[in-house]
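Visitor: Model the following, please.
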Amino acid sequence: MDCRIRKWELSDAKDLSVALSNRKIQDNLRAGLPYPYTEQDGMDYISAMLSADRNETFAFAITTEGKVIGSIGVFRQGNIHRLTAELGYYIAEEYWGKGIMTKAVKQICKHVFDNSDILRIYAEPFAFNAASCRVLEKAGFQYEGTLRSNAIKNGKVIDMKMYSLLKSEV
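Guide: Numbers count the residues shown, from 1 in each chain. Sure, this is the predicted structure:
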């Protein structure tokens with residue numbers, strides 16, 4: 001299944017709300033997202049991404065067959081880490097396991113490396129999220145280690161894994 005990433009449009013809010021109103025997806029993301037995730041929540045997020053500094057925030061909708069099925073973003077870090085950025089992503093459950101996310105990760109990394117001074121992109125999936133770890137590995141990211149007892153999610157202390165991709169490796 002083919003996919004492409006593109007800039008967000010306010011009209012994407014409905015598809016975004018459908019994808020994020022799923023506990024299985026939210027269980028793999030950081031805390032703080034409303035549940036259920038409403039169309040207004042989607043509008044607020046999209047508005048924030050569209051007004052963000054284009055040299056700091058690289059946020060895109062993931063689409064297939066003309067439909068928004070997920071979100072992907074790379075976010076520049078600060079201070080001594082200003083040439084480093086964190087990657088985050090998700091897609092609707094019905095599109096899991098089809099290779100779409102690996103393609104989207106490759107697309108956004110190429111875009112960021114080609115259009116900014118960022119030298120390193122990293123991701124920190126929850127250690128239990130084997131599918132997300134596999135996406136990163138298939139996209140060329142290197143496993144750097146396990147961050148032990150690094151987060152609290154759904155009342156549990158959990159490990160996270162650290163992956164990175166360097167501009168020189170693409």
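Visitor: So what does the closest residue to Gly97 other than its chain neighbours look like in phi/psi?
Guide: Leaving aside its chain neighbours, Gly97 sits nearest to Ala131 (7.3 Å; criterion: C-beta to C-beta, 6 or more residues apart in numbering). Using the backbone N, CA and C atoms, a C-beta is placed for each residue, glycine as well. Dihedral pair for Ala131: phi -60, psi -40, per degrees, to the nearest 10.
Visitor: Give me the pLDDT value at Ala131.
Guide: Reported pLDDT at Ala131 in the predicted model: 96.
Visitor: Next one: it from Ala123, what distance?
Guide: When distance is defined by C-beta to C-beta, to the nearest Å, Ala131 is 13 Å away from Ala123.
Visitor: So the two - more neighbours on which side?
Guide: Comparing Ala131 with Ala123 by other C-beta atoms under 10 Å, the one with more neighbours is Ala123, at 22 against 11.
Visitor: Show me where this structure has its strands.
Guide: Here the chain has its strands, by DSSP state E, at 4-6, 57-64, 67-76, 84-91, 120-123, 142-153, 156-166.
Visitor: Partner strands of the third one and their direction?
Guide: In the sheet containing strand 67-76, the strands it pairs with under DSSP bridges are strand 57-64 (antiparallel), strand 84-91 (antiparallel).
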